[in-house]
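Novice: Here is a sequence with its predicted model. Questions after.
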Amino acid sequence: MKVFFNGSFIEKEDVKISPDDRGFLFGDGVYEVIRSYNGKFFMFSEHISRLNYSLKELKINYYETDKLEKIAKELLKLNSFENIDATVYIQITRGVAVRSLKFPGGDIMPTVYITLNKLNEHYYSYKNGISAFLVDDIRWKRCDIKSVNLLANVIAHNQAIDNGSEIGLFVKDGIITEGTHVGVFGVKNGSLITHPAGKEILPSITRKVIFDLCIKLEIPVLEQAINPENVFNLDELFVVGTSPEIAPVISLNKIPIANGKPGIISIKLQNAFNKLIKGI
């Protein structure tokens, strides 16, 4: 497979990461995952805006994000991914420097890596409903930054898998914040409920899409915390993200949500989302 690495399109096996790269040593970097539907990108500029925010917050001096869409298009062409569903993975670290907690000087060049992945088959099955498991939110306090520091997410996700579920939902201070790699929405009496935006959650691109769809569909949205104790009083529960799109949660901690099937609002949003995708 061809990938983009520090200015060149090369074979993936030819990529060489320095042991002094701060991404390798400290997880000092950021990333984005962008969907491509049959060669057409979805919300690319919105993802790049979020990438720029993460770079700014971590003071990583990379100023060529305006070139990334052209690079991604070339990768689709080089890998014959123009007629399939895929994801574009972009990772930018602070670069190579002598190991020190102190930021290196301004002359350091960020490490830029971009690759493609075919969409995993299990993501298609998510539309029919998934099982979730509550996990403690042990992440740092800047979840609004899309950092490559994902160890807490990895631990939580595998904890959910070990308990027979497909995804983990974080609980912090008695409320559900978000999932291990998704946003979380509840439905009660025809209204959507989701955690307010802030540093406790990632500013999800799919969340914004859902908000826009709800305006068109005249579905009220309440930005308020979901208490785990009240989850089973909800009419529906679903998660959203770049890869799973909109996935109903039909059971939590092995207990069915409502009737244990995808709900009316979830299906309505799935249909609206699919229509949106067909129009890109």
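Specialist: Cool, the structure landed. Numbers count the residues shown, from 1 in each chain.
Novice: Would you mind listing where this protein has pLDDT under the threshold?
Specialist: 123 (pLDDT under 70).
Novice: 90 instead, please
Specialist: Scanning the chain with the threshold set as pLDDT under 90 gives 105-107, 119-128, 280.
Novice: Could you chop this protein up by domain?
Specialist: 2-119, 124-278 (automatic domain parsing).
Novice: Could you export those domains as JSON lines, including mean neighbour count?
Specialist: Backbone N, C-alpha and C define where each C-beta goes, glycine included. Formatted as JSON lines, the domains of the chain follow (neighbours: other CB atoms under 10 Å):
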{"stretch": "domain 2-119", "mean neighbour count": "16"}
{"stretch": "domain 124-278", "mean neighbour count": "18"}
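Novice: What residues does the closest residue to Leu269 other than its chain neighbours make contact with?
Specialist: Nearest residue to Leu269, sequence neighbours excluded (CB to CB, 6 or more residues apart in numbering): Ile246, at 5.4 Å. Neighbouring residues of Ile246 by CB atoms under 8 Å, 6 or more residues apart in numbering: 127, 206, 210, 238-240, 266, 269-270, 273.
Novice: now, which of these lie within helices?
Specialist: Among these, the residues falling in helices (DSSP state H) are 206, 210, 266, 269-270, 273.
Novice: residue ranges of the helices in the stretch 51-200 of the chain, please?
Specialist: With helices called from DSSP state H, counting those that start in this stretch, the stretch 51-200 of the chain shows them at 68-78, 121-125, 151-162.
Novice: helices or strands up against the first one?
Specialist: Counting by 3 or more CB pairs under 8 Å, 6 or more residues apart in numbering; DSSP states H and E, the packing neighbours recorded for helix 68-78 are strand 2-5, strand 8-11, strand 29-37, strand 40-41, helix 44-58, strand 86-93, strand 111-118.
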